[in-house]
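Asker: Predicted coordinates and the sequence they were generated for:
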Amino acid sequence: MDEDSTGGKRNGEASLIDVIKRIFWGRRRAMTEEDLQEMIDESEEEGIINEDEGDMIHSIFEFGDTIVREIMVPRTDMVCCRIDASLSEILDAIIDSGHSRIPVFEGSADRIVGIIYAKDLLRYWGSKPEGFDIAKVMRTPFFVPETKNVQELLQELRTKRVHIAIAVDEYGGTSGLITLEDLVEEIVGDIQDEYDLEEDWLIEQEDGSVLIDSRLNIEEFEEYFNVEVEKERFDTVGGYVFNLTGRVPKEGEEIRDGNLQLTLLDCDDHKIRKVRVKRLEEPSVAEQGG
Ligand code: ADP
């Protein structure tokens with residue numbers, strides 16, 4: 001542990017350890033999430049840790065309660081290829097999407113039969129396309145229930161030495177995919193690798209409203225607007241809107257929830273893509289009374 005010449009601890013590398021010690025040692029009763037947040041806040045105020053470190057400790061604890069469905073890439077956003085795709089079609093999918101692992105399906109995305117790894121295609125470099133056999137090059141998919149705890153999944157991916165899993169729902173359909181990067185991001189925050197597309201799912205507008213991608217996780221939405229949403233059956237802002245309306249809403253429609261006004265943008269008959277959210281002024285006491 002780092003100590004300065006007077007024997008006191010320096011602010012810096014040792015500080016995170018101090019907080020973890022505070023959390024775990026000398027405790028006689030189980031710690032609640034509120035206790036933890038209080039301790040993190042205190043440590044931030046005292047300058048023992050900075051905000052990013054506090055967020056990271058909190059994420060580690062939340063990680064244990066997170067399930068695959070909450071952080072996976074949903075089936076509708078998965079870049080896949082058909083089992084009868086040609087080598088050049090697969091290469092196009094890899095180049096256009098920037099993803100290095102492409103699930104292969106037979107019939108529909110509900111039946112994933114393999115995963116193509118970009119690096120496995122190198123052996124076909126310069127060879128005739130006729131010599132390409134997708135069944136020989138694809139790897140066996142690793143399926144997990146969408147309700148699996150992400151901490152357990154991380155262990156399994158490590159022991160099996162795979163980087164990608166296909167999440168399935170209780171009916172056997174495909175719900176999405178999840179990679180090691182998604183799990184690590186849950187703890188250390190968004191990792192921008194050199195191939196990731198710069199995407200912003202929450203963009204503040206000049207008029208004070210916020211443009212939101214319907215795929216945004218509902219917990220990030222809650223945190224941003226400082227609201228609490230009843231969320232038993234959905235994980236995203238799109239699911240929140242469906243839950244509020246009970247139907248597929250139309251483009252331009254406005255919905256009110258508490259003091260939030262939601263305007264639906266870019267919808268079709270089965271999907272909402274963007275939502276503009278505006279916080280309305282709280283009604284004054286006089287207005288409430290009248
Ligand atoms: P890659 O660099 O090949 O995209 P990563 O494991 O670094 O793979 O994942 C980066 C992000 O892209 C993650 O959110 C992951 O879930 C997502 N992702 C990876 N492969 C696919 C795919 N085939 N289709 C859609 N999203 C994918």
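Answerer: Everything's here; your move.
Asker: which ones are touching Glu70?
Answerer: The contact partners of Glu70, by C-beta atoms under 8 Å, 6 or more residues apart in numbering, come to Val150, Asn217, Glu219, Asp235. Heads up, the C-betas are built off the backbone N, CA and C, glycines and all.
Asker: Those in helices, which ones?
Answerer: Per DSSP state H, helices hold the following members of these: Val150, Glu219.
Asker: If whatever residue of the stretch 151-290 of the chain ends up closest to the ligand is in a bridge, with which residues?
Answerer: Closest contact between the stretch 151-290 of the chain and the ligand, by C-beta to the nearest ligand atom, is at Thr179 (3.3 Å). Assessed by DSSP bridges, Thr179 has beta-bridge partners Ile164.
Asker: That one contacts His163, doesn't it?
Answerer: Yes: Thr179 lies in contact with His163 (C-beta atoms under 8 Å); the separation is 5.5 Å.
Asker: Need the residues touching each of these two.
Answerer: Arg101.
Asker: ok, back up a step: what's the distance between the residue of the stretch 151-290 of the chain closest to the ligand and Thr66?
Answerer: 15 Å (C-beta to C-beta, to the nearest Å).
Asker: how about low-confidence regions in the stretch 1-150 of the chain?
Answerer: Filtered on pLDDT under 70, the stretch 1-150 of the chain yields the residue ranges 1-31.
Asker: Tell me the residues on it that lie near the ligand, please.
Answerer: Proximity of the stretch 1-150 of the chain to the ligand is confined to Val73, Asp77, Met78, Val79, Gly98, His99, Ser100, Arg101, Ile102 under the rule C-beta under 6 Å from any ligand atom.
Asker: Try it again at 8 Å.
Answerer: Taking C-beta under 8 Å from any ligand atom, the part of the stretch 1-150 of the chain that reaches the ligand is made up of 72-73, 77-80, 97-103, 118.
Asker: nearest spatial neighbour of the residue most central in space within the chain, skipping sequence neighbours?
Answerer: Central residue of the chain (C-alpha atoms, centre = their mean): Ile71, 3.4 Å from the mean position. Of all residues not flanking Ile71 in the chain, Asp182 sits nearest, at 5.3 Å (C-beta to C-beta, 6 or more residues apart in numbering).
Asker: so that neighbour, which of the three states?
Answerer: At Asp182, secondary structure determined by DSSP: H, G, I helix; E, B strand; the rest coil is helix.
Asker: Would you confirm that it contacts Val73?
Answerer: Yes: using C-beta under 8 Å, Asp182 is in contact with Val73, at 7.4 Å.
Asker: what's the domain layout of the protein?
Answerer: According to automatic domain parsing, the chain comprises the domains 8-63, 70-188, 202-279.
Asker: so how far is the first residue of the last one from its last?
Answerer: For domain 202-279, the first and last residues are 14 Å from each other (C-alpha to C-alpha, to the nearest Å).
Asker: do the same with the second one
Answerer: Across domain 70-188, the straight-line distance between its terminal residues is 16 Å, by C-alpha to C-alpha.
Asker: how far does it sit from the chain's center?
Answerer: Domain 70-188 sits 17 Å away from the centroid of its parent chain (C-alpha atoms, centre = their mean, to the nearest Å).
Asker: likewise stretch 35-45?
Answerer: Centroid displacement of stretch 35-45 relative to its chain, using C-alpha atoms, centre = their mean, is 25 Å.
Asker: buried residues in it?
Answerer: Judged by neighbour count (16 or more other C-beta atoms under 10 Å), stretch 35-45 contains these buried residues: Met39, Ile40, Ser43, Glu44.
Asker: Out of these, flag the one nearest to Arg247.
Answerer: Ile40 (41.2 Å; C-beta to C-beta).
Asker: these two touch, right, Tyr224 and Val210?
Answerer: Yes: shown here, Tyr224 and Val210 form a contact pair, counting by C-beta under 8 Å, at 7.3 Å.
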